[in-house]
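> This is a predicted model, with the sequence first.
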Amino acid sequence: MPGEGPRMFLRPYKRFKDGKEHTYYALVESVRTANGPRQHIVAYLGELNHDQERRWQRTVVCYNRQGEAQQLRLFPEAEEVPLPDDPDIVQVRLRQVGWTNPRRFGDVWLAWQLWQMLHLDVIVHRHVPLGKQTCRPADIVAIEVINRLCAPCSEFALAEHWYAATALEDLLGIPDAEVTKDRLYRTLDGLRAGQQAIEDDLKKHLETLFDLHYDLLLYDLTSTYFEGLAAGNELAAHGYSRDHRKDCKQVVLALVVTRDGFPLAHFTLPGNTQDLATVQQIVGAVEQRFGKVHRVWVMDRGMVSKQTLAFLHTSGRHYLVGLRRSVVARFARQLQTRSGWQRLSEHEDVEIKLVRRGRKQYVLARSRPRRHKERAIRRRQRRGLAKDLCKLQVRLTKGKLKNRDKILQRVGRLQERYPKARLFVHLAVTKGKKPALQWTWQVKEFRAALAADGVYVLQSNRSGWTAQELWETYMQLAVAEKAFRVLKSELGLRPVWHQYSGRVQAHVFVCVLAYALWKTLDHLAKQAGLMTPIHKPAEARYGQRIPKPRPMTPEVILRELGRIALGDIQLQTTDGRQLLLRRVARPDAEQKRILAALQMELPERLNADRLL
């Protein structure tokens with residue numbers, strides 16, 4: 001009807017939870033339109049007790065669009081509630097209802113749930129003492145780890161901007177003023193002292209929570225570089241950079257994970273540490289902490305030598321390692337014969353062959369994509385070297401280059417530029433008044449290299465496994481490599497800005513704890529079968545593949561839930577006061593699907609309502 005204002009009422013929603021019936025309420029506005037009555041939810045009020053229900057019944061009065069005061073029946077099915085002249089009556093102007101102070105909620109709330117699921121709140125509190133601090137160090141560590149998982153940044157940016165932009169203050173109860181850069185740094189110092197005890201307790205809980213087995217351990221190394229000189233840091237040193245940053249000092253990270261990718265232990269080593277020098281140190285430290293059992297250690301070829309193999313072979317240890325390319329020549333006869341090769345059903349481009357020699361067994365593997373890649377690299381370098389040699393020969397013929405020493409320098413530069421091709425050519429510069437350049441291609445060595453393309457050799461002292469089991473086990477090293485990619489890319493391990501060795505170790509530990517949360521979320525998503533849907537598939541065209549749904553990654557889950565905000569619904573009263581209803585935004589269909597798959601229920605509100 002024209003001139004008739006909106007009507008507002010409380011709508012109850014009944015739900016059975018924990019064997020009891022709960023009633024939740026929402027503040028609903030009903031407006032008559034040309035298309036009939038329409039209703040929309042103004043605010044979710046949650047579960048109200050009797051006093052709150054009576055207060056809402058007798059206090060809410062609003063103004064319609066013509067500015068006329070009108071009592072709103074909150075319970076249409078209830079009896080008419082008289083309105084005495086009561087100073088507690090609140091008159092609300094619907095025209096001034098607003099949404100204010102929005103903060104990130106969904107991703108940090110999920111990270112907090114994962115933190116509690118792994119009992120890290122209890123574990124860190126047990127091993128990082130309170131001391132003179134007014135805030136629990138466990139809560140400060142949780143803030144730093146959640147930041148690494150959701151939006152990695154420096155301690156300064158965390159304290160100045162990020163923490164206040166999230167709902168962690170409501171979740172943890174720590175005021176924004178208490179989260180300072182200095183407090184974060186002091187907590188890092190305490191966290192480093194409790195690293196080993198925290199990792200040991202976390203291992204026990206992960207083993208129980210996910211039924212993990214530690215009979216097979218994947219061990220690998222990576223490096224991360226520093227920004228700055230790091231002059232006072234005894235861990236910072238120049239070494240082999242896996243990030244291709246030879247100009248920067250670095251530290252080396254040794255990581256031991258299970259076959260499922262869950263972290264067991266990590267070690268922060270000086271940047272100039274050699275891979276071979278770490279095997280006895282890391283294996284000995286793990287056995288000292290977790291006992292000597294019949295484990296299988298899986299390592300890459302960079303950590304293999306006669307000494308390390310002899311060490312791994314003693315005391316009942318089992319190993320599975322990749323050997324260096326130079327070992328392939330020892331199996332030339334087995335590579336030439338066609339008997340004994342097995343093509344894998346799930347990996348049609350790979351052939352494997354088991355060779356036993358004494359108490360050791362070897363797996364020869366041939367990969368077609370790897371062979372194509374190696375041959376393409378060698379072909380490109382061989383053609384480039386041949387072309388540049390011809391150019392150099394032309395300069396010599398024209399007399400533009402006569403000095404033999406300079407000619408040798410040019411030849412050395414070519415050999416340095418084409419390392420894959422220089423092995424198959426013999427270069428010589430004659431002596432005399434007019435030096436000449438001569439080269440001969442080594443055909444025999446070139447053919448031997450062609451036969452070994454795409455071939456790699458695995459060695460193990462573990463008996464009873466087939467060639468396929470050995471190969472599939474070694475391929476699980478990709479799990480450790482993926483852990484390094486997650487640590488560096490998603491969790492902000494690199495670059496390192498800390499200038500003190502202790503805080504560098506604590507920074508690495510925070511990243512490893514964040515990876516434990518990341519891996520837990522990844523495990524839960526795989527268990528639930530979460531897939532990333534294709535909402536806008538491309539048209540089917542000749543010769544083009546249509547993308548298919550693929551497993552949802554933790555990055556996608558955090559990004560989707562990160563769009564859920566926590567904010568205040570602001571109701572303006574006629575007497576100059578405000579009613580603040582702090583509520584969590586309703587998730588959309590995709591977010592509901594993710595939460596349902598993870599078996600998590602998003603809360604509607606965290607704090608009580610306030611009347612200012």
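Nice, thanks for sending it over.

> what about His244, which SS state?
Secondary structure, DSSP: H, G, I helix; E, B strand; the rest coil: His244 is coil.

> Now the phi/psi pair for it, please.
Per-residue torsions, His244: phi 60, psi 40 (degrees, to the nearest 10).

> what about the stretch 351-500 of the chain, any weak spots by pLDDT?
Regions of the stretch 351-500 of the chain meeting the criterion pLDDT under 70 are absent.

> can you give me the helices in it?
Taking DSSP state H, counting those that start in this stretch, the helices of the stretch 351-500 of the chain run over residues 368-397, 404-417, 443-452, 467-475, 477-485.

> What backbone torsions are found at Thr100?
phi -140, psi 170.

> what residue ranges in this structure score low on pLDDT?
1-10, 42-45, 48-90, 538-545, 608-612.

> Ala506 - how many residues pack around it?
Ala506 has 24 neighbours, counted by other C-beta atoms under 10 Å. The C-beta positions use only the backbone N, C-alpha and C, and glycine is treated the same way.

> so it sits in a helix?
Yes. Per three-state DSSP, Ala506 lies within a helix segment.

> Now do the nearest residue to it once chain neighbours are set aside: how many residues are near it, please.
Once flanking residues are discounted, Ala506 sits nearest to Leu188: 3.8 Å by C-beta to C-beta, 6 or more residues apart in numbering. Applying other C-beta under 10 Å, we find 24 residues neighbouring Leu188.

> is it true that Leu188 touches Val504?
No. Counting by C-beta atoms under 8 Å, Val504 is not a contact partner of Leu188; they are 9.6 Å apart.

> Please name the residues that touch Tyr319.
By C-beta atoms under 8 Å, 6 or more residues apart in numbering, the contact set of Tyr319 is 296-299, 309, 312-313, 459-462.

> Got phi/psi on the residue nearest to Ala506?
phi -60, psi -40.

> how close does the residue nearest to Tyr185 when sequence neighbours are not counted sit to Val512?
Distances taken as C-beta to C-beta, 6+ apart put Glu155 closest to Tyr185, at 6.3 Å, once the chain neighbours are dropped. Taking C-beta to C-beta, to the nearest Å as the measure, Glu155 and Val512 are separated by 17 Å.

> the more surrounded of the two?
Ranked by neighbour count (other C-beta under 10 Å), Glu155 and Val512 place Val512 first, with 25 against 22.

> The more buried one and Leu487 touch, don't they?
Yes. Val512 is within contact range of Leu487, at 7.4 Å (criterion: C-beta under 8 Å).

> Could I get the phi/psi values of the residue of the chain positioned farthest from its centre?
Farthest-out residue of the chain from its mean C-alpha position, per C-alpha atoms, centre = their mean: Lys433, at 64.2 Å. Per-residue torsions, Lys433: phi -70, psi -40 (degrees, to the nearest 10).

> returning to what we had before: so which of the helices of the stretch 351-500 of the chain is nearest His125?
helix 477-485 (26.2 Å; C-beta to C-beta).

> Show me what that closest one is packed up against.
Packing partners of helix 477-485 (3 or more C-beta pairs under 8 Å, 6 or more residues apart in numbering; DSSP states H and E): strand 216-225, strand 250-258.

> Redo those strands as a markdown table? Include mean neighbour count and distance to Ala164.
Below are these laid out as a markdown table (neighbours: other C-beta atoms under 10 Å; distance: least, C-beta to C-beta, whole Å):
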| stretch | mean neighbour count | distance to Ala164 |
| --- | --- | --- |
| strand 216-225 | 22 | 29 |
| strand 250-258 | 24 | 32 |
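
> Take the ones you listed and write them to JSON lines, including distance to Asp575.
Below are the helices and strands packed on helix 477-485 laid out as JSON lines (distance: least, C-beta to C-beta, whole Å):
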{"stretch": "strand 216-225", "distance to Asp575": "59"}
{"stretch": "strand 250-258", "distance to Asp575": "61"}
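
> Out of these, flag the one nearest Gln96.
Closest approach to Gln96 among the helices and strands packed on helix 477-485 (C-beta to C-beta): strand 216-225, 52.3 Å.

> what's the closest non-adjacent residue to Gln196?
Per C-beta to C-beta, 6+ apart, closest to Gln196 is Arg289, 7.0 Å.

> Counting neighbours, what do you get for that neighbour?
Around Arg289 there are 13 residues (other C-beta under 10 Å).

> Tell me how far it lies from Tyr214.
11 Å.

> Now do the contacts for Tyr163.
Counting by C-beta under 8 Å, 6+ apart, Tyr163 has contacts 143, 147, 169, 176, 179.

> hang on, I meant Ala514
So Ala514 contacts 145-146, 148-149, 491 (C-beta under 8 Å, 6+ apart).

> Can you name the two of these that sit furthest apart?
Largest pairwise distance in the contacts of Ala514, by C-beta to C-beta, is 11.3 Å, between Ile146 and Leu491.

> If you count surrounding residues, which of these two has more?
Ranked by neighbour count (other C-beta under 10 Å), Ile146 and Leu491 place Ile146 first, with 28 against 24.

> didn't that one look like it was pressed against Val108?
Yes. Using C-beta under 8 Å, Ile146 is in contact with Val108, at 5.6 Å.

> Mind listing the shared neighbours of these two?
Leu168.

> give me the number of residues near Ser241?
Considering only other C-beta under 10 Å, Ser241 is surrounded by 16 other residues.

> OK, contacts around it?
223, 225, 248, 250.

> tell me, how many neighbours does Val350 end up with?
The number of residues packed near Val350 is 19, by other C-beta under 10 Å.

> what pairs with it across the strands?
When assigned by DSSP bridges, Val350 has beta-bridge partners Ser367.

> Next one: it from Asp588, what distance?
43 Å.

> The contacts of Ser241: which two are farthest apart?
The largest distance within the contacts of Ser241, taken as C-beta to C-beta, falls between Ser223 and Cys248 and amounts to 9.9 Å.

> For Ala151, give me phi and psi.
phi -160, psi 80.

> Okay, the spatially most central residue of the chain and Leu184: tell me how far apart.
Among the residues of the chain, the one closest to the centroid is Val486, at 3.8 Å (C-alpha atoms, centre = their mean). Look at Val486 and Leu184: by C-beta to C-beta, they are 23 Å apart.

> Over to Leu477?
Leu477 is 35 Å from Leu184, by C-beta to C-beta.

> Over to Arg333?
For Arg333, the distance to Leu184 - C-beta to C-beta - is 62 Å.
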